[in-house]
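[1] output the structure for:
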Amino acid sequence: MKCLFLGDVMGRAGRAAIIAHLPKLRAEWRLDFVVVNGENATSGVGLSAGHAKTLLDAGIDCLTLGDHAFDQRDMLQFIEKEPRILRPVNFSKSAPGKGARLFEATGGRKVLVTQVLGQVFMKRPFDDPFSALQTTLATYPMGGQAQMVIVDIHAEATSEKMAIGHFCDGRASLVVGTHTHVPTGDAQILPGGTGYMTDAGMCGDYHSVIGMEKAEPLRRFITGMPKERFTPATGEATLSGVYIETDDQSGKATKIHPIRIGGRLQQATP
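    Modelled structure (predicted):
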């Protein structure tokens, strides 16, 4: 199976890049499944129902969220009506929506997608990500109920993301990090057959400070004093993420390749 995972969509520039590039990529690469983290797609904080619809219409099979899952208030209701959107599985048990779901890909094949929030350096104490993943992966074993298993680890610490990758090795097709908006150069297949990359990066304007216009972040770093709100950068965005191919029988990754399209981080594609 061929899958594309794209990192955090950042504001208007990120949405525009998805709309411009994804339909063509789906056709040219014959993608079976596409997952995109969309939690910064609306003004850099959260995802609105309207922007979610626009992104899904561009050819996304599943949108994951993150710690800003419900910063846009209409997502509280919309996520209950739209099964293609997932919030973190270790969010509050009273939160709307689901943190894991079995999707249907091309040819009737099944794909499990789940997202988990890290705990290290995060602002709120979420439930233990390892226990949450243990339950989810046991319920949908790779090569059994699911021909592909995708884990989005939304976290600050690279060490925690790496630990999740090894924890899931042999039980997931892909473990990929999101949240920090900077793509890492460590795409690999772990010994048990799990594709891994510490961070997918963002779909946004890289002439910025992790997707935000530079002036206000620079002011705060230099003076320690805020003056204005952060606003997403609006230059040409780069699509950043990872492409994987898996074996349908085992669910294990057979190929993994970082993706950089458009903007400032051009890179060869599969």
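
[2] wait, doesn't residue 102 sit right on residue 145?
    Yes - counting by Cβ atoms under 8 Å, residue 145 is a contact partner of residue 102 at 6.7 Å. Bear in mind the C-beta positions are built from the backbone N, C-alpha and C, glycine included.

[3] any residues in contact with both of the two?
    Both residue 102 and residue 145 are contacted by 110, 112, under the criterion Cβ atoms under 8 Å, 6 or more residues apart in numbering.

[4] quick one, helices of this protein?
    Using DSSP state H, the helices of the chain run over 11-28, 49-57, 75-81, 129-139, 158-168, 215-223.

[5] what score does the closest residue in space to residue 155 that isn't next to it in sequence have for pLDDT?
    Nearest non-adjacent residue to residue 155, counting by Cβ to Cβ, 6 or more residues apart in numbering: residue 118, 2.5 Å away. Here the pLDDT value assigned to residue 118 is 95.

[6] next, count neighbours for residue 118.
    23 (other Cβ atoms under 10 Å).

[7] any idea how far residue 255 is from it?
    From residue 118 across to residue 255, the span is 27 Å (Cβ to Cβ, to the nearest Å).

[8] same check on residue 159?
    For residue 159, the distance to residue 255 - Cβ to Cβ - is 26 Å.

[9] please list all residues in contact with residue 242.
    Going by Cβ under 8 Å, 6+ apart, the list of residues near residue 242 reads 4-5, 174, 176, 187, 195, 197, 200, 256-259.

[10] find the centremost residue of the chain, please.
    In the chain, the residue lying closest to the centroid (Cα atoms, centre = their mean) is residue 37, at 3.3 Å.

[11] isn't it up against residue 181?
    No - counting by Cβ under 8 Å, residue 37 does not reach residue 181; the two are 10.1 Å apart.

[12] give me the pLDDT value at residue 235.
    pLDDT, residue 235: 94.

[13] show the contacting residues for it.
    13, 205, 207-208, 263 are the contacts of residue 235 under Cβ under 8 Å, 6+ apart.

[14] residue 210: neighbour count?
    Neighbourhood size, residue 210 [other Cβ under 10 Å]: 19.

[15] the one 5 residues further on too?
    A count of nearby residues for residue 215, using other Cβ under 10 Å, gives 13.

[16] so where's the stretch 1-150 of the chain uncertain?
    Scanning the stretch 1-150 of the chain for pLDDT under 70 picks out nothing.

[17] and the strands in it?
    Along the stretch 1-150 of the chain, the segments classed as strands by DSSP state E, counting those that start in this stretch run 2-6, 8-9, 33-37, 62-64, 85-86, 100-104, 110-117, 148-154.

[18] which of those strands sits most buried?
    strand 8-9 (a mean of 30; mean count of other Cβ atoms under 10 Å).

[19] what's it packed up against?
    If you count contacts as 3 or more Cβ pairs under 8 Å, 6 or more residues apart in numbering; DSSP states H and E, strand 8-9 packs onto helix 11-28, strand 33-37, strand 202-203.

[20] need the contact partners of the shortest one.
    The reference is to strand 202-203. Here strand 202-203 has contacts from 6-10, 14, 17-18, 36, 40, 181-183, 210-211, 237-241, using Cβ under 8 Å, 6+ apart.

[21] which non-adjacent residue is nearest residue 249?
    Excluding the flanking residues, the one nearest residue 249 by Cβ to Cβ, 6+ apart is residue 143, at 6.6 Å.

[22] cool, residue 71 as well?
    Closest residue in space to residue 71, ignoring its immediate chain neighbours: residue 46 at 3.1 Å, by Cβ to Cβ, 6+ apart.

[23] do residue 45 as well
    Nearest to residue 45 is residue 71, by Cβ to Cβ, 6+ apart, at 4.6 Å.

[24] okay, now that neighbour: neighbour count?
    18.

[25] can you check the one 4 residues further on too?
    Residues lying near residue 75 (other Cβ under 10 Å) number 26.
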